[in-house]
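1. Structure for this input, please:
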Amino acid sequence: MFIKRRRGWEIPESQATPEHLVLGRRALMAAAGAGAMLAPSVAKAQFWRRSEPADPWTRLPAEIPDLPPAMRNTRYPADRALSPERDAVTFNNFYEFGSDKGIWSTALRMPTRPWTIKVDGMVESPGEFDVDDLIQRIGLEERVYRLRCVEAWGMTVPWTGFQLSKLLDIVKPLGSAKFVRFETAQKPEVMTGLRQSWYPWPHIEGCTIEEAANELTFMPVGLFGRPLPPQNGGPFRVVFPWKYGFKSGKSIARITLTDQRPVSFWETLQASEYGFWANVNPQVPHPRWSQATERLIGSNERVPTRMFNGYGDFVAGLYTNLQNERLWA
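-> Model prediction:
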């Protein structure tokens, strides 16, 4: 979502082939040209980024505990295959670590234990909560959600976590609370992107109290059954599967309930392109590209975009009386 004026020869990043696929194809062609036949295990390894270890999960710090068992909730079928696990953990947007998609190795330097989340504002019982204490207190489930980036690409991944509403039940929102504000941690010693002073740090996102209480709004602490890595927003993030992905704040350090609508990070930068609501709608294009289809990371298949990313049955009622709002950007 880097905002700049494009020249005639440029294409949107959403149309670019992922780096690891390009490098893997070159490696395989070079081997074939030399007359070498790669064994299946070797050939598979050639498709990883050159700087990538055989298993990115091995880079997670040892102090991160394994997740307790979590049953999969089948109420929210994704209706498509899971994205490749390696793509999910190595193809990421997280501007605190840099503006390219390959920030995973930099992000893995960020310590994620101990980690506390401050919940304050218009609540009866504000407090600071250790992420592992919350896991034990609330319990976990697994949900397979579609993820739709505003850049017109998508993934399908299994998150492990709990509904945000369960955390709200603990802090007890006041009746005057109308919005929820999410603030990403600032750790300049590892978040090198924070040096880019033209961005409006800290990274803020927000939603209405009704959206926060919706059953789909999820707080992941895990991905593919393992602890959520920093490049994916670990150890604690929010996911709104019916909205464009930039609305789902990562590495959250503070949640504030308020009566004032938060102005989000991308809204501050370019409100005409990235608004407060940002609900997925294939019929409303981004000012610089169509949203009618999305490219599935891993297969590069181009598929039709679904209204509310396919979750309209769960969320359309939230917006019945908001037709004067700019709901689709």
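2. pull the CA atoms of the top strand by length along the chain into CSV?
-> As assigned by DSSP state E, the longest strand anywhere in the chain is strand 153-163. What follows is strand 153-163, C-alpha atoms only, in CSV (Å, rounded to 0.1, in the frame of the first residue of the first chain):
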residue,chain,number,x,y,z
TRP,A,153,-4.4,-11.0,-3.6
GLY,A,154,-5.8,-13.6,-1.2
MET,A,155,-4.8,-16.5,1.1
THR,A,156,-6.7,-19.1,3.1
VAL,A,157,-5.1,-19.9,6.5
PRO,A,158,-6.0,-21.7,9.7
TRP,A,159,-5.8,-19.2,12.7
THR,A,160,-5.7,-20.4,16.3
GLY,A,161,-7.1,-17.9,18.8
PHE,A,162,-10.3,-16.7,20.4
GLN,A,163,-13.2,-14.3,19.7
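3. What is the following helix or strand past it packed up against?
-> Sequence-wise, the next helix or strand downstream of strand 153-163 (DSSP states H and E) is helix 164-171. Under the contact criterion of 3 or more Cβ pairs under 8 Å, 6 or more residues apart in numbering; DSSP states H and E, helix 164-171 touches strand 127-130, helix 131-138, helix 209-213, strand 218-223. Every residue, glycine included, has its C-beta placed from N, CA and C.
4. I would like the residues contacting the third one, please.
-> To tie it back to what came earlier, the one meant is helix 209-213. Residues from elsewhere that reach helix 209-213 (Cβ atoms under 8 Å, 6 or more residues apart in numbering): 164-165, 168, 173, 177-180, 217, 240, 257, 315, 318.
5. Including distance to Arg302, pLDDT and neighbour count, could those residues go into CSV?
-> Converted to CSV, those look like this (distance: Cβ to Cβ, whole Å; pLDDT from 0 to 100; neighbours: other Cβ atoms under 10 Å):
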residue, distance to Arg302, pLDDT, neighbour count
Leu164, 32, 98, 24
Ser165, 35, 98, 14
Leu168, 38, 98, 20
Pro173, 41, 98, 20
Ala177, 41, 98, 20
Lys178, 39, 98, 15
Phe179, 36, 98, 21
Val180, 34, 98, 27
Thr217, 29, 99, 24
Phe240, 24, 98, 26
Leu257, 40, 98, 23
Val315, 25, 98, 21
Leu318, 29, 98, 19
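6. circling back: so which of the helices and strands packed on helix 164-171 is nearest Ser105?
-> With Cβ to Cβ, the closest approach to Ser105 among the helices and strands packed on helix 164-171 belongs to strand 218-223: 16.7 Å.
7. Using PDB, write out every CA atom in the closest one.
-> Below are the C-alpha coordinates for strand 218-223, written out as PDB (Å, rounded to 0.1, in the frame of the first residue of the first chain):
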ATOM      1  CA  PHE A 218     -11.000 -13.100  15.900                       C
ATOM      2  CA  MET A 219      -7.800 -12.600  18.000                       C
ATOM      3  CA  PRO A 220      -5.200 -15.100  16.600                       C
ATOM      4  CA  VAL A 221      -2.200 -16.300  18.700                       C
ATOM      5  CA  GLY A 222      -1.400 -19.100  16.300                       C
ATOM      6  CA  LEU A 223      -1.100 -20.000  12.600                       C
END
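8. and the angle from it to helix 131-138?
-> 120 degrees (axes from the mean of the first three to the mean of the last three Cα atoms, to 10 degrees).
9. I'd like the numbering to begin with 4 instead of 1 from here.
-> Got it, first residue is 4 now, which makes that one strand 221-226.
10. How far away from the center of its chain is strand 221-226?
-> Here strand 221-226 shows a centroid-to-chain-centroid distance of 10 Å under the convention Cα atoms, centre = their mean, to the nearest Å.
11. Just checking: what are the partner strands of the following helix or strand past it?
-> Downstream of strand 221-226, the first helix or strand assigned by DSSP H and E is strand 229-230. Next to strand 229-230 in the sheet, as set by DSSP bridges, lie strand 221-226 (antiparallel).
12. Backbone torsions only: list them for Gly248.
-> Main-chain torsions, Gly248, degrees, to the nearest 10: phi -60, psi -30.
13. Show the contacting residues for it.
-> Asn96, Leu150, Arg151, Cys152, Val153.
14. In those residues, which residue is surrounded by the most others?
-> Arg151 (24 neighbours; other Cβ atoms under 10 Å).
15. Quick check: bridge partners of that residue?
-> In beta-bridge terms (that is, DSSP bridges), Arg151 pairs with Gly157.
16. so how far is Arg264 from it?
-> Arg151 sits 23 Å away from Arg264, going by Cβ to Cβ, to the nearest Å.
17. List the beta-bridge partners for Glu297.
-> With DSSP bridges as the rule, Glu297 is bridged to Val306.
18. Compute the number of surrounding residues for it.
-> Quick note: Glu297 (other Cβ under 10 Å) scores 26 neighbours.
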